[in-house]
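Asker: coords please:
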Amino acid sequence: MTVETLLAPPTWSLRRLYIVSAAEVGQLADVLIDCVDGGASVSFMAPLSREHALSFWRMVAEDVADGDRALIVAEDAEGICGTVQLILAQPDNQPHRADVAKMLVHRRARRHGIGAALIHEAEHVGRDAGKSLLVLDTITGSDADRLYEREGWVRVGEVPDYAYMPHGQLRGTTFFYRRITTAHHGEYRPGDAVP
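Answerer: Purely as a prediction, here's the structure:
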């Protein structure tokens, strides 16, 4: 890598989607299919049909429109090349936390800092939504596993044989958390306003 490469501005940008268009659903489906084809364990088995991928992203789009989920995308000259979700809607006794889900980066856009930027933006969005704790899980030993640890997430532990990889092998999953604010919500009592 040259000095010029290190100093060059990124060729991609991030933005949060509040409404997900049909075209964006299609681009998100492309990213998901590419990741599953490339071996990412993200709840889907290979081969992932386009219709199944579109159906998933339509469901996500509904949650985004309802405010239950935050959706952040990375875009390059070819369109959406990465994404991460923050599941904001949680049970009544967990209003202070959110789940990070489906961090995906298209193979064409990897090794450019997009994953780290997406996870940082998810933390920022979580703070803005009043969350103090984020949780996530990922395949043990994966690039994502190493990324979260590098970015300061706390490893809780591993569950062996937790999920199948897209091509059929069982793998362990590691769970992480990150406190994103020093605010302490204190004890919650029935009748209190939700923090």
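
Asker: from now on I want contacts and neighbour counts done on CA atoms only, so please keep to that.
Answerer: OK.

Asker: strands of the protein, residue ranges please.
Answerer: 13-17, 69-76, 79-87, 97-105, 133-139, 154-164, 170-179 (DSSP state E).

Asker: can you point out the buried residues in stretch 159-170?
Answerer: Within stretch 159-170, the residues that count as buried by 16 or more other Cα atoms under 10 Å are 163, 164, 165, 166, 167.

Asker: which of the strands of the chain sits closest to residue 23?
Answerer: Nearest to residue 23, of all the strands of the chain, is strand 79-87, at 10.0 Å by Cα to Cα.

Asker: okay, now the spatially closest residue to residue 26 that is not a sequence neighbour: neighbour count?
Answerer: Excluding the flanking residues, the one nearest residue 26 by Cα to Cα, 6 or more residues apart in numbering is residue 54, at 6.6 Å. For residue 54, the number of neighbouring residues by other Cα atoms under 10 Å comes to 20.

Asker: farthest-apart pair in the buried residues of stretch 159-170, please.
Answerer: Among the buried residues of stretch 159-170, the pair separated by the greatest distance (Cα to Cα) is 163 and 167, at 11.3 Å.

Asker: picking up where we left off before, now the buried residues of stretch 159-170 as a markdown table including distance to residue 78 and pLDDT?
Answerer: As requested, those are arranged in a markdown table below (distance: Cα to Cα, whole Å; pLDDT from 0 to 100):
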| residue | distance to residue 78 | pLDDT |
| --- | --- | --- |
| 163 | 32 | 96 |
| 164 | 31 | 96 |
| 165 | 28 | 97 |
| 166 | 26 | 97 |
| 167 | 28 | 95 |
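
Asker: tell me the one of these nearest residue 45?
Answerer: Among those, residue 166 lies closest to residue 45 (Cα to Cα), at 4.1 Å.

Asker: that closest one and residue 115: what is the separation?
Answerer: In this view, residue 166 and residue 115 are 20 Å apart by Cα to Cα, to the nearest Å.

Asker: got it, and residue 157?
Answerer: Separation of residue 157 from residue 115 (Cα to Cα): 22 Å.

Asker: looking at the two now, which is surrounded by more residues?
Answerer: The residue with more neighbours, out of residue 157 and residue 115 and counting by other Cα under 10 Å, is residue 115; that gives 23 against 12.

Asker: just checking, the more buried one touches residue 105?
Answerer: Yes. Taking Cα atoms under 8 Å as the definition, residue 115 is a contact partner of residue 105 at 6.8 Å.

Asker: shaky segments in this structure?
Answerer: The model of the chain has pLDDT under 70 over residues 1-9, 182-195.

Asker: hmm, 50 instead?
Answerer: Residues of the chain meeting the criterion pLDDT under 50: 1, 5, 184, 188-189, 195.

Asker: now do the contacts for residue 81.
Answerer: Shown in contact with residue 81 (Cα atoms under 8 Å, 6 or more residues apart in numbering): 31, 73, 74, 75, 105, 106, 108, 109.

Asker: rerun that using 10 Å as the cut-off
Answerer: Taking Cα atoms under 10 Å, 6 or more residues apart in numbering as the criterion, residue 81 is in contact with 12-14, 27-28, 30-32, 73-75, 104-110, 114.
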